[in-house]
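Next input, structure requested:
(2 chains)
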There are 2 protein chains.
Amino acid sequence: MRIALDAMGGDNAPDAIIAGAIEALEHMDEDDEIVLVGPKESVMEHLSCPQRYRDRVHIVHAPDVISMDAAPVESLRKKPKSSISVLAKLAKQGEADAIISAGNTGACVVAFQMRMRNLPGVNRPGIAVVLPTFGGAITVCDVGANIACKPLNLYQYCVMAAIHTECVVGTKNPRVAIMSIGQEAAKGNEIVKKTRELIEADPSVNFVGNVEGRDIFNGVCDVVVCEGFVGNVILKLTEGLVEGLFKSIKHELMQETLRLAVKFKPIITRIYKKYDYTEYGGAPLLGVNGSAFICHGSSKEKTIRNAVLSAKKHHTFKINDKIIDALSRTPVGTSNGQPR
Amino acid sequence: MRIALDAMGGDNAPDAIIAGAIEALEHMDEDDEIVLVGPKESVMEHLSCPQRYRDRVHIVHAPDVISMDAAPVESLRKKPKSSISVLAKLAKQGEADAIISAGNTGACVVAFQMRMRNLPGVNRPGIAVVLPTFGGAITVCDVGANIACKPLNLYQYCVMAAIHTECVVGTKNPRVAIMSIGQEAAKGNEIVKKTRELIEADPSVNFVGNVEGRDIFNGVCDVVVCEGFVGNVILKLTEGLVEGLFKSIKHELMQETLRLAVKFKPIITRIYKKYDYTEYGGAPLLGVNGSAFICHGSSKEKTIRNAVLSAKKHHTFKINDKIIDALSRTPVGTSNGQPR
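Below is the predicted model:
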């Protein structure tokens, strides 16, 4: 298979992107190929590729770059030859089996949706992020692709994120929950209540009910669906809090003797590893007609490597076929956000 | 002043409530009084009051208790003599200057709003929680009173929460932000965008713009407003994550030698204290005509004591007069959620 990467996306591009992609090749099959998308000269300059991989690494020229904080729609219109736009075109034309970017998330969502279109039966794509927790991995969908969700969107996120979690994370028959403000069915806003009705109408979803914010980290579910606005707050809050707490621990340790600090370092490192979201690589934009992964802007080599491997799994496990199949069997309707 | 408490509210009632209230008396003025609301026999049985406070502690009989997970409206209708209902009546009739409950939050919100009514100019009350962070305390409003917010509600939360933060937390001219999915003004859903317009129309708000989930813990603002649904997720997620992380640290330490674990304990205790939300006691239901505080269901003695002291501050600083005054001067309209 061919996996294309936005060589210019993210704070550590192009070095981390290129290095991560090359590293991924070590764990892939011999006929797998990498396509680096970006200004050719610039990519060539940063490319250091072992001889044995030279035939499997290609560059597709894209002269422009969309900056991380640019307005998505406007920048895509102004820069039709940006690395994100070209990446999306490669996916559309079947020249890449999967695409990955750590660039401007909003621009990725717009470009990927526009070019790749939705899978049959899918109303709106959603970004599914896998978060490491003490209770195991949890998939949160959506985290920002769709900030004006309808109940049907949330229901479809249940179906799609469960398939992704089963195939890519490896959780058998994942327990699916909906984010609310109380565990009782009566609690929550209108969207939550209507979504619940849709989910309950589909016996194929292993639905465990409503969960609260605290439940994300206590292992009561494997998948949680929520509006993109809420999911985005969850994702960034978690990152900020974990980062802040470990900074705080480091600060306190610095006040102790060096000898004591040295002893605690491996303990802290061990704990930090459990919350290391780079382990899970990129987040798929579930529901588009292809395999599209979006990575955190701060992604380093390891995240990119893992994103490539996740994208390979996404393609190999034929997750999109499974989604189409699941949605074609569902008793829940697919148009206008209303049940059939 | 007279502060009334729901003696039966919360997981640790009535002992923690009674003990916390009595403890608060030590830090209050000589003419301050405590009223304990609950089944008289039961309260008497658990009451252990030093001789010197006997004249300042009263019991008001309320035979019924609303359980923590009961449906708010239904349970209030079925139990007009519940401790929460009687508490609200005391506030309404001027027999208590402030009321506090760690009971069923939904029932508190409904009962307090219904009996106390809103302050002149206030459209919808909101719960303001003060969270301790590495960057100092931050006030989040609303955390669950209003899950279908209008822009006007969010604007008024800015005004009210800023006054509360200045008077009760002690932050001078607090920096106010709105929770969104990106710092750029163009990012966010319709509510965020419209709220921003309202806030920007009022130069008296020290507005610092949009913040993301990660910004709650990095000290860029002192007050953040959001819809009750989002605020509730933020609050519970933070609690769950902090609790889980410290459990994880404890677990890792247990695998080390006892000697090392003992050395690490004071460091961890020091850090944990920084995130100890019990420090800030209860959360005011801002915007009702009186002083009403809602505490976490798991509140212990110390939280209740601090809630009583916060309620005293709320009353002493005449926060409600300040809110009425601020809203009467605002260029932003007060009806239908639309600007004037």
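
make it CA atoms for all contacts and neighbour counts henceforth
Noted.

Report the angle between the helix of greatest length in chain A and helix B:228-254.
Across chain A, the helix with the greatest residue count (assigned by DSSP state H) is helix A:228-254. With axes from the mean of the first three to the mean of the last three CA atoms, to 10 degrees defining the directions, helix A:228-254 sits at 30 degrees from helix B:228-254.

do helix A:228-254 and chain B meet at all?
Yes - Helix A:228-254 is in contact with chain B by CA under 8 Å from any CA of the partner chain, via A:229-230, A:232-241, A:244-245, A:248-249, A:252-253.

Stretch A:286-300 now?
No - if you take CA under 8 Å from any CA as the test, stretch A:286-300 misses chain B, and the best it gets is 13.0 Å.

And that stretch, what's buried?
A:286-297, A:299-300 (16 or more other CA atoms under 10 Å in any protein chain shown).

ok, back up a step: mark which of the residues of helix A:228-254 next to chain B are buried, thanks.
When these are checked against 16+ other CA under 10 Å, the ones flagged as buried are A:229-230, A:232-241, A:244-245, A:248-249, A:253.

So residue A:290 is in contact with residue A:98, correct?
Yes - Residue A:290 lies in contact with residue A:98 (CA atoms under 8 Å); the separation is 6.6 Å.

buried ones in stretch A:157-170?
Per 16+ other CA under 10 Å, stretch A:157-170 contains these buried residues: A:157-165, A:167-169.

Just put those in CSV and tack on secondary structure and pLDDT.
What follows is the buried residues of stretch A:157-170, written out as CSV (DSSP: H, G, I helix; E, B strand; the rest coil; pLDDT from 0 to 100):
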residue, secondary structure, pLDDT
A:157, helix, 98
A:158, helix, 98
A:159, helix, 98
A:160, helix, 98
A:161, helix, 98
A:162, helix, 98
A:163, helix, 98
A:164, helix, 97
A:165, helix, 96
A:167, helix, 95
A:168, helix, 91
A:169, helix, 91
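
Give me the subset of those that also touch chain B.
Answer for those near chain B: none qualify (CA under 8 Å from any CA).

Quick one: these as a markdown table, columns for distance to residue A:195 too.
Below are the buried residues of stretch A:157-170 laid out as a markdown table (distance: CA to CA, whole Å):
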| residue | distance to residue A:195 |
| --- | --- |
| A:157 | 11 |
| A:158 | 10 |
| A:159 | 12 |
| A:160 | 15 |
| A:161 | 15 |
| A:162 | 16 |
| A:163 | 18 |
| A:164 | 20 |
| A:165 | 20 |
| A:167 | 24 |
| A:168 | 25 |
| A:169 | 25 |
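
Please name every helix or strand in contact with the helix or strand of chain A with the lowest mean pLDDT.
Every helix and strand in chain A was compared by mean pLDDT, DSSP states H and E; the lowest is helix A:258-274, with a mean of 80. In terms of contacts (3 or more CA pairs under 8 Å, 6 or more residues apart in numbering or on different chains; DSSP states H and E), helix A:258-274 is packed against helix A:228-254, helix B:228-254.

Contacts made by it with the rest, please.
Outside helix A:258-274, the residues that touch it by CA atoms under 8 Å, 6 or more residues apart in numbering or on different chains are A:132-134, A:246, A:253-254, B:248-249, B:252-253.

My guess is residue A:70 contacts residue A:103. True?
No - judged on CA under 8 Å, residue A:70 makes no contact with residue A:103 at a distance of 10.4 Å.
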